[in-house]
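Chemist: no sequence for this one, just the structure:
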């Protein structure tokens, strides 16, 4: 079943085009990695899918036009983890994760809500932070809390804008493995913007390569990631290795001056 479908999606900030004619569809349970240089439109596309922004064109969620859906309906289907967490007024980590249950709650917290909150906290390994003030945490800790909040929503779709932002290598791999396993075990569809091509190739089923707001290519990582494509998208020479455990490893060698972005 197709979970997300877009057709001719376009968006501009004022007179500056940011997305142009974005058309794609994703089957249930697919992990899509959005890759491309800064300013290529990755964050904007994620925010359009979550209806934070209102583009031209069509976005369907489970075959429904997102423009006809109320905010609470979208929140019950889509979990969104932004790149940088804003300050949250005097709230513990538990309270922040509990916010993920808002679309499902009636007038009070039920047993299912508590179970889901506790599950999300355990899944992200933040039990020892549960009573801490969210605003006093490090950027990496806050990122894990925001992922837990999205998991607590129990969404069909998870949107992540640079989910490993502020995380060290250990916690990057831990967070991405958690997201991968969650998608595989629940059938959750994942769209994540990723800077690191090696990470994207390892954890994504499909990649969408963006440049200047346009889709350059979409397909399987092993088909898309080539030295020629990296040169075209990023303006760098790169070498690619295949490791039996880590998969594709991309090593940037040098910038190509005439291809400066």
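Modeler: It's in. Just so we're clear, the structure is a prediction, and the values are computed from it rather than from any experiment.
Chemist: In this structure residue 29 contacts residue 180, no?
Modeler: No - the criterion here is Cβ atoms under 8 Å, and residue 29 misses it with residue 180 at 11.2 Å. Bear in mind the C-beta positions are built from the backbone N, C-alpha and C, glycine included.
Chemist: just the helices in the stretch 51-200 of the chain please.
Modeler: Assigned by DSSP state H, counting those that start in this stretch, the helices in the stretch 51-200 of the chain fall at 71-77, 93-98, 111-123, 139-152, 169-186, 197-203.
Chemist: Let me see the backbone angles for the spatially closest residue to residue 234 that is not a sequence neighbour.
Modeler: Among residues not flanking residue 234 along the chain, residue 37 sits closest, at 5.8 Å (Cβ to Cβ, 6 or more residues apart in numbering). Backbone torsions of residue 37, given as degrees, to the nearest 10, read phi -70, psi 170.
Chemist: Likewise for the one 4 residues further on?
Modeler: The phi and psi torsions at residue 41 (degrees, to the nearest 10) take the values phi 110, psi 10.
Chemist: what's it in contact with, if anything?
Modeler: By Cβ atoms under 8 Å, 6 or more residues apart in numbering, the contact list for residue 41 reads 18, 19, 22, 210, 212, 213, 214.
Chemist: got any ranges where the stretch 1-150 of the chain has weak pLDDT?
Modeler: 85-87, 90, 106-107 (pLDDT under 70).
Chemist: Can you show me the strands along it?
Modeler: 2-13, 16-27, 31-35, 56-61, 64-65, 78-81 (DSSP state E, counting those that start in this stretch).
Chemist: bridging residues for the spatially most central residue of the chain?
Modeler: A centroid search over the chain (Cα atoms, centre = their mean) returns residue 160, at 2.0 Å, as the residue closest to the centre. Note on residue 160: beta-bridge partners by DSSP bridges are residue 81, residue 192.
Chemist: So it is in contact with residue 147, correct?
Modeler: Yes - applying Cβ under 8 Å, one finds residue 160 in contact with residue 147, separated by 7.4 Å.
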